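**Student:** Just to be clear, the model below is a prediction. Sequence and coordinates:
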Amino acid sequence: MRDQSWLNRRYYGGDLPPEAERALHAAAADWAHADLAETHILRALAIAPDHLATRIGAYKFYLYRQRYTEALPHARACLAEAARRNGFPEDWRALRHDPARFGEWEELPRLFLFSLLAVGYVQARLGLPEAARPALAKVAELDPADRLGARRLLAVLERGEAGMGEAGTREAGA
């Protein structure tokens, strides 16, 4: 039997309950077994439903399993939490590019951008381009250097490519 002591390591700043963190680690360990990994994800969510780490874990689980309908609420929860942590308005459409906030690659604004990109990407994968386009355009506006590749995703949407292929899986990893 392999050493599983790493399952008890603490990575999330100490505010995530240890049982939830262990469940996230267990989901990673059992990744190849989708049903078992999902059980761990659901356990983490049951223990800490509003914690950003559990929401990101759930989003990534469902995204990489191409279960976009289930990924979307977690991406939206990450976006709401990122907006709150940044002191941004609840309606992300009201944000304007501010080099002081978005010019540097600071953790909290970057979290917001990744989360908004994730929402747009999942909406596009769900065949909702009219919902996806404004979110991706806002990321492109706030990230003029296009570090997240939102312009490329918008171009794919504009070409009308069904399902978007591999155009943004890496960028939408939140």
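**Tutor:** Right, received. Where do you want to start? None of the values given here were measured: they were computed from a predicted structure. Numbers count the residues shown, from 1 in each chain.

**Student:** Run a quick neighbour tally on Leu111.
**Tutor:** 20 (other Cβ atoms under 10 Å). All C-beta spots, glycine's among them, are computed from the backbone N, C-alpha and C.

**Student:** cool, the one 3 residues further on as well?
**Tutor:** Counted by other Cβ under 10 Å, the residues lying close to Phe114 total 21.

**Student:** now for the helix or strand hosting it, which elements pack on it?
**Tutor:** In this structure, Phe114 is located in helix 107-125 according to DSSP states H and E. Packing partners of helix 107-125 (3 or more Cβ pairs under 8 Å, 6 or more residues apart in numbering; DSSP states H and E): helix 52-64, helix 68-86, helix 129-142, helix 150-159.

**Student:** Buried residues of stretch 64-76, list them for me.
**Tutor:** Within stretch 64-76, the residues scored as buried using 16 or more other Cβ atoms under 10 Å are Tyr68, Ala71, Leu72, His74, Ala75, Arg76.

**Student:** if we can go back for a sec, now do the helix holding Phe114 against helix 68-86, angle only.
**Tutor:** Calculated by axes from the mean of the first three to the mean of the last three Cα atoms, to 10 degrees, helix 107-125 forms an angle of 160 degrees with helix 68-86.

**Student:** wait, isn't Gly120 in contact with Pro129?
**Tutor:** No - contact criterion Cβ atoms under 8 Å: Gly120 and Pro129 do not qualify, at 9.7 Å.

**Student:** Which one's more surrounded, the two?
**Tutor:** Taking other Cβ under 10 Å, Gly120 and Pro129 do not tie; Gly120 has more neighbours (30 against 17).

**Student:** Among the buried residues of stretch 64-76, which pair sits farthest apart?
**Tutor:** Greatest spacing in the buried residues of stretch 64-76, by Cβ to Cβ: Tyr68 and Arg76 (12.4 Å).
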